[in-house]
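Asks: sharing a model that was predicted from the sequence below.
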Amino acid sequence: MASLRFERMWLPLCDLWETKDDVMVSFELPGVNEKDVNVSITGDLLTVRGERRWHDGAKDDSYHRVERVYGKFERTVQLPMPVQADKVKAAYRDGVLTVTLPKVEAIKPREIKIDIL
């Protein structure tokens, strides 16, 4: 298995969308332990980094195909608008990391009540 243990950086796929109150980003991280993932935000850049580790479960070199990439990954996404960095939340479920970034108050659409005179 030593021949399969080469490391290279890989980029997880991501989706970015917005709701009325939040910017949402999800990353595909199948086979990655949530303890091996780090999320950070600097200005308008959201960065997710971590590692998908090679499993040592097999006792011999009987692999016929290894298509998944193992090793470290890092993905930086530029956010389309300002967010409240101190209120960012991240959740990991079924190999998908979803990051919720609340928009700053000035960006949120506000309805203005019209007074009838």
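Replies: Done, it's in.
Asks: for V39, pull up the helix or strand it's in.
Replies: strand 37-42 (DSSP states H and E).
Asks: after that strand, which helix or strand is next? Please name it.
Replies: That would be, after strand 37-42 and using DSSP H and E, strand 45-52.
Asks: so for that next one, mean pLDDT?
Replies: Strand 45-52 carries an average pLDDT of 95.
Asks: that one packs against which elements?
Replies: strand 37-42, strand 71-78, strand 96-102 (3 or more C-beta pairs under 8 Å, 6 or more residues apart in numbering; DSSP states H and E). Every C-beta, even on glycine, is put in place using the N, C-alpha and C of the backbone.
Asks: for R52, which of those strands is the nearest?
Replies: Go through these one by one with C-beta to C-beta and the one that ends up closest to R52 is strand 71-78, at 6.8 Å.
Asks: so what angle separates the directions of the closest one and strand 37-42?
Replies: Angle, strand 71-78 to strand 37-42, by axes from the mean of the first three to the mean of the last three C-alpha atoms, to 10 degrees: 30 degrees.
Asks: so strand 71-78 versus strand 96-102, what angle?
Replies: Computed by the same axes, to 10 degrees, the angle separating strand 71-78 from strand 96-102 equals 30 degrees.
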